[in-house]
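> no sequence on this one, just coordinates:
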């Protein structure tokens, strides 16, 4: 996409021209062109009078950067320094509305899966049913690869669903989300099959307390680092390893900045969308992560994914 | 991944350490490390004695490139100039075997979907069933986003499945594939519901003839450009627009080089895996593409996806 003082050009290849023209919502202001139909004279004309030409350094490979120098014949290519990313920190009403719709589908999918699930099913089967349900109920796509990790697999935060069958005494970690009009939801819960051990219950209560501790403190104006220092201390007190951040901004991408980590000094702002997702992982045994998608308000925050976070043990007769 | 004369280091973050260690097959030769556990002294030690440090310019963003300069403290970072990509042109026996397995699942999924399909189902439903079937029958993941495009949607080569319901007289374009041990299959067929029009039949016969024309000429040693010039001529003779190439190499990625296009002068080699996929698209009306995954041999080629390419009209009583 080229934005210049004169024209806004969406460059694609011939396979996509028809699709792009049907999707462009600002079709008065943006023209779609076939890559091969543009000559060096076209580019010279687009960039005539531009003192500098910014490019998105986080999305452009070094190879593309080099080819831009040749294709566009500009010697004043400069990094945009996250100009667009920073403009995406805070969401407008329409963006929040899309995220809310994605969160509603996500909550419904989790309710559905609690009814659907049976011991003997594989992680893959359950993940596929979650995905089918979301796509048949308004999701245009997944926000990321669905995680259904049972038993010891749950100790890997980003596990891929396997053929492992759900059995008695299993813990199942869910982490999934979908997109509506391009906007993501992100959600994690844990279910226990048949029973919960004392160790699992202890960890679950810790994670839930941590979730509440963090989400109660989030609001417009707070400094991320200062707010999270104490949350990190809780991990040290219990000797739990902190494997990942406490959350992240999300929107068109599933991971946007800022991140809920003491590495960030950014101040939160009203209408940011964030995940809160503390997790504890005991290698080779199990992991527990609780996550909601959250909207930052003037005086606090509210969760857009609303499924209950109480410990849920599903009991079956057929054991 | 850092490969140095002394060590081979797989750098990941704390969320993936356990998973990476469980997946590494060369664990005697590769060590996995947590990104945050590595200091500038570690990097200095890795790169000590390296005259130059290559980086994969096609995968590294400009932003990452800049951060490498700082992180690794090397001032002799040079592009690898597709060293690894070129080494992936020709596949070994194990790679071909994985691709064959993916192709077998793909063929079976297409057989399954011919039984499953009913007028009134949406494109999305059918795409989801294809994906479910492949994942439940040995596919570790999809090779790319499944295309099920019906009626006029089929004129967009890379259409996204919609809520459009299959109806009488529809054409349905399928394009899908899966991965086994990381290796892709790629496959396209068209089904006709109830009946086929004369125009559709004419285009289908053209595309099938073109498919046969190309695949019969593929073998070790031929020059891509020379071989395809005549195939391109056929499009001009019929006044069809050539919206995309005739195929591409595939393997770990769905699109690898070389591409079956007259822009490439590359010579084909035994044990390359290629798609052959001529297509014709009549904007606003319909499109037809036939595609197989093909193995290049000494004296010819053979198709690894084996579903019949005869015109298939599915008839239902309930119209």
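Perfect, I can see it now. The shown structure was predicted, so the numbers you read here are calculated from the model rather than taken from an experiment. Numbering: from 1, shown residues only, chains lettered A, B, ... in the order given.
> report pLDDT for residue A:134.
Residue A:134 carries a pLDDT value of 98.
> same check, this time on residue A:240
In this prediction, residue A:240 carries a pLDDT score of 96.
> try residue A:52
If you check residue A:52, the pLDDT there is 89.
> for residue A:32, same thing?
At residue A:32, the pLDDT value in this model is 89.
> so it, which state does it fall into?
strand (DSSP: H, G, I helix; E, B strand; the rest coil).
> what about it, neighbour count?
Residue A:32 has 19 neighbouring residues, counting by other Cβ atoms under 10 Å in any protein chain shown. (C-beta placed from N, C-alpha, C; glycine too.)
> now do the contacts for it.
A:9, A:10, A:11, A:12, A:17, A:20, A:21, A:24 (Cβ atoms under 8 Å, 6 or more residues apart in numbering or on different chains).
> pull out the buried residues from those residues.
In these, burial by neighbour count holds for A:9, A:10, A:17, A:20, counting by 16 or more other Cβ atoms under 10 Å in any protein chain shown.
> so of those residues, which ones are in helices?
With DSSP state H as the criterion, helices contain A:17, A:20 from among the buried ones among the contacts of residue A:32.
> looking at the buried ones among the contacts of residue A:32, which is nearest residue A:91?
Among the buried ones among the contacts of residue A:32, residue A:10 lies closest to residue A:91 (Cβ to Cβ), at 23.2 Å.
> how about that closest one, nearest residue that isn't a chain neighbour?
Nearest residue to residue A:10, sequence neighbours excluded (Cβ to Cβ, 6 or more residues apart in numbering or on different chains): residue A:32, at 4.5 Å.
> lowest-confidence one in the contacts of residue A:32?
residue A:24 (77).
> please list all residues in contact with that residue.
By Cβ under 8 Å, 6+ apart, the neighbours of residue A:24 are A:10, A:30, A:32.
> among the buried ones among the contacts of residue A:32, which pair sits farthest apart?
For the buried ones among the contacts of residue A:32, with distances taken as Cβ to Cβ, the pair at the greatest spread is A:9 and A:17 (12.8 Å).
> how about the residues of the stretch 151-300 of chain A by chain B?
Contact residues, the stretch 151-300 of chain A versus chain B (Cβ under 8 Å from any Cβ of the partner chain): A:155, A:156, A:157, A:158, A:159, A:160, A:241, A:243, A:244, A:281, A:283.
> list the contacts for residue A:238?
Counted by Cβ under 8 Å, 6+ apart, residue A:238 has contacts residue A:206.
> and if you look at the one 5 residues further on?
With Cβ under 8 Å, 6+ apart as the criterion, the residues that contact residue A:243 are A:157, A:279, A:281, B:14, B:15.
> residue A:151 too?
Contacts for residue A:151 (Cβ under 8 Å, 6+ apart) come out as A:164, A:167, A:170, A:171, A:286.
> show me which of those is closest to residue B:215.
Nearest member of the contacts of residue A:151 to residue B:215, counting by Cβ to Cβ, is residue A:164, at 40.9 Å.
> check that closest one and give its pLDDT.
Reported pLDDT for residue A:164: 96.
> that one and residue A:150 touch, don't they?
Yes - using Cβ atoms under 8 Å, residue A:164 makes contact with residue A:150 at a distance of 5.7 Å.
> what touches both of those two?
Residues touching both residue A:164 and residue A:150 (Cβ under 8 Å, 6+ apart): residue A:123.
> neighbour count winner among these two?
Shown here are residue A:164 and residue A:150; by other Cβ under 10 Å, residue A:150 has more neighbours (24 against 17).
> who's in contact with the residue nearest the centre of chain A?
Geometric centre of chain A, nearest residue: residue A:254, 2.5 Å, by Cα atoms, centre = their mean. The contact partners of residue A:254, taken as Cβ under 8 Å, 6+ apart, are A:143, A:144, A:177, A:184, A:186.
> if we use 10 Å, what do you get?
Residues near residue A:254 by Cβ atoms under 10 Å, 6 or more residues apart in numbering or on different chains: A:142, A:143, A:144, A:177, A:179, A:184, A:185, A:186, A:248, A:275.
> and the pLDDT for it?
With respect to pLDDT, residue A:254 has a value of 97.
> just the one 4 residues further on next, same as before
Turning to residue A:258, the model gives it a pLDDT of 94.
> residues near the closest residue to it other than its chain neighbours, how many?
Leaving aside its sequence neighbours, residue A:258 sits nearest to residue A:266 (Cβ to Cβ, 6+ apart; 4.0 Å). Number of residues near residue A:266 (other Cβ under 10 Å) recorded here: 18.
> and the lowest-mean-pLDDT helix or strand in chain A, anywhere near chain B?
Counting by mean pLDDT, DSSP states H and E, chain A has its least confident helix or strand at helix A:17-23, which shows a mean of 81. Yes - contact between helix A:17-23 and chain B, assessed by Cβ under 10 Å from any Cβ of the partner chain, occurs at A:17, A:18, A:19, A:20, A:21, A:22, A:23.
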